[in-house]
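1. here is my input, please return the structure:
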Amino acid sequence: MLSGLSLFLSSPLSPAQAVGPVQVLGTVLSLSLFFALTVHIAARNVLGDVPIRNALGIGPLLAVIAVSLTALGVHPALTILLAILVDAVAISRLYGVGRRYTIFVTFIHAVVSVILGVVLFAALTLAFLGPPEGP
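-> Okay, here's the model as predicted:
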């Protein structure tokens, strides 16, 4: 049991691992696209037909916040709270909607991001590790 735990704690996703600028840039770009896609899905579901350029303005902002605060060692709860607040302000300004719609789009964006993130994580885990072995 403990060997499995130590293997988990020393996984490739360990924050103590040294990364270069290429890895950081790749992470920021992939997170930017992910957040832009999820905010566009949320905005389209709440507001109807909206231009994608608004979402492309929000995605990189959230990605930079997530990567930089994580690299600085800021507590994840504080990072998530700040990202949600910045997301709400950006949605309000870029989409030009009132408080009620801003809160609703931000909430839907968070839900879509979590659901899509879990599905992508599971798919990538299966793709790289394969299905669990039988008895």
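2. after the helix or strand of the chain with the lowest mean pLDDT comes which helix or strand?
-> Ranked by mean pLDDT, DSSP states H and E, the helix or strand of the chain with the weakest confidence is helix 2-9, at a mean of 41. Using DSSP states H and E, the next helix or strand after helix 2-9 towards the C-terminus is helix 21-47.
3. the helix or strand following that next one - contacts with which helices or strands?
-> Downstream of helix 21-47, the first helix or strand assigned by DSSP H and E is helix 52-71. On a contact count with 3 or more C-beta pairs under 8 Å, 6 or more residues apart in numbering; DSSP states H and E, helix 52-71 meets helix 21-47, helix 76-95. The way it works is simple: take the backbone N, C-alpha and C, and place the C-beta from them, glycine included.
4. go with 10 Å
-> helix 21-47, helix 76-95, helix 99-129 (3 or more C-beta pairs under 10 Å, 6 or more residues apart in numbering; DSSP states H and E).
5. how far away from the center of its chain is that helix?
-> 8 Å (C-alpha atoms, centre = their mean, to the nearest Å).
6. and if you look at stretch 92-103?
-> 20 Å.
7. repeat for stretch 83-94
-> Centre to centre, stretch against its chain (C-alpha atoms, centre = their mean), the figure for stretch 83-94 is 14 Å.
8. list the buried residues in it.
-> Residues of stretch 83-94 classed as buried: Ala83, Val86, Asp87, Ala88, Ala90, Ile91, Ser92, Leu94 (neighbour count, 16 or more other C-beta atoms under 10 Å).
9. neighbouring contacts of it?
-> By C-beta atoms under 10 Å, 6 or more residues apart in numbering, the list of residues contacting stretch 83-94 from outside reads 35, 39, 42-43, 46-47, 50-51, 53-59, 61-66, 69, 97-99, 101-107, 109-110, 113.
10. now with 6 Å, please.
-> Asn54, Gly57, Ile58, Leu61, Leu62, Ile65, Thr102, Val105, Thr106 (C-beta atoms under 6 Å, 6 or more residues apart in numbering).
11. ditto for stretch 26-37
-> Counting by C-beta under 6 Å, 6+ apart, Ala55, Leu56, Gly59, Pro60, Leu62, Ala63, Val67 sit against stretch 26-37.
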